[in-house]
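*Asks:* with the input below, show me the fold.
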Amino acid sequence: MWVHIIRDRALGLPDAAVSRQIAVLNTAYSGGYGGADTGVRFELKGITHTDNRSWFRDPLGYEEPMKKKLRVGGPETLNLYIAQLSRLVLGYSTYPYWYDDEPVLDGVVIDWRSVPGGPLRDFARGFTAVHEIGHWLGLLHTFENGCKAPGDSVDDTPSEAYPTNGCPSKKDTCPATGGDPIHNFMDYAQDRCMREFTAGQGVRVHQMWDAYRRPRRREPTPGCRRPPRASRGPPRTLRTARTAPRTASRTALCRASPHKAVRARSTIYRAGRNRQEEQGDDESGRSR
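*Replies:* Take a look at the predicted model:
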């Protein structure tokens, strides 16, 4: 992975924080905080530094020029951009099945204040990056589709009607599926409440990797294309997807994900909000 630190003069992430963030990623994805080992590990290939006030203050508004200038590698290369996002927004990500349409925009953006030891009191353990990279790997929110099938398309994550706020002792919003997955990294709880991925999420990550990110000559996948740029508004938020059989084709994997997850441009985490908002064409849906 490559880390791109955007600064406004002295304001921004120090290099020393990068190693702490990567350590958190590897602990989370290996099951070190609880839950399943997904088999995913992260290795730092390099760090870039850019002093640009506009990019730092509004990485979403300047996303295209920023990523065109800085992005490194192919679909298999995670590019993590660290800047300062607007109020209540911690990060956003692209999905693997968007790569063919706009490869230059592939990657994850997080707020520098959300890294381990950062100044965001309830979101300073580095789990914003864990969550957003989950989207980059193909996971959706655990509350996707609410209580309705296919949910998040992962069989071992119980359905939940709406995202989790804070860190409740328990929450059960859907009938007959067990308690809500309030400790899952793909929900919206505060960092102190998050600690796990499920085995099914690990399976889906590898299916998505094989279908969309493993290096090879790639053909665009019908049904997985982004809407035309003119029809898309600014990104808002989404979550969750369901595991397809390991023999599923790329098209089937894409279509197993909720339609709105394909139409929305990227995912955004809005801290402390208990609703989903999404702006694709005229559908509705968030990320962290």
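*Asks:* local confidence estimate at Gly223?
*Replies:* Per-residue confidence (pLDDT) for Gly223: 50.
*Asks:* same check, this time on Thr267
*Replies:* Confidence score, pLDDT, at Thr267: 48.
*Asks:* and what of the one 4 residues further on?
*Replies:* Confidence at Ala271, expressed as pLDDT, is 47.
*Asks:* check the one 10 residues further on too.
*Replies:* Turning to Asp281, the model gives it a pLDDT of 27.
*Asks:* the nearest residue to Asp51 once chain neighbours are set aside - how many residues pack around it?
*Replies:* What sits nearest to Asp51 in space, not counting adjacent residues and going by CB to CB, 6 or more residues apart in numbering, is Arg7, at 5.1 Å. (C-beta placed from N, C-alpha, C; glycine too.) Arg7: 20 surrounding residues under other CB atoms under 10 Å.
*Asks:* give me the contacts around the helix or strand hosting Arg7.
*Replies:* When elements are assigned from DSSP states H and E, Arg7 belongs to strand 2-7. Residues from elsewhere that reach strand 2-7 (CB atoms under 8 Å, 6 or more residues apart in numbering): 12-13, 15, 18, 21, 44-52, 55-56, 59, 66, 70, 72-73, 77-83, 112.
*Asks:* name the next helix or strand downstream of that strand, please.
*Replies:* helix 16-29.
*Asks:* from the contact counts, what lies against that following helix?
*Replies:* Contact here means 3 or more CB pairs under 8 Å, 6 or more residues apart in numbering; DSSP states H and E; on that basis helix 16-29 packs against strand 2-7, helix 127-136.
*Asks:* look up phi and psi at the residue nearest to Thr198 when sequence neighbours are not counted.
*Replies:* Of all residues not flanking Thr198 in the chain, Asp156 sits nearest, at 4.6 Å (CB to CB, 6+ apart). Per-residue torsions, Asp156: phi -100, psi 20 (degrees, to the nearest 10).
*Asks:* and the gap between the residue nearest to Arg192 when sequence neighbours are not counted and Cys193?
*Replies:* Of all residues not flanking Arg192 in the chain, Cys167 sits nearest, at 5.5 Å (CB to CB, 6+ apart). Going from Cys167 to Cys193 by CB to CB, to the nearest Å gives 3 Å.
*Asks:* for this protein, what helix or strand is lowest in average pLDDT?
*Replies:* helix 259-263 (a mean of 33; mean pLDDT, DSSP states H and E).
*Asks:* ok, Gly32 - contacts?
*Replies:* Counting by CB under 8 Å, 6+ apart, Gly32 makes contact with Asn26.
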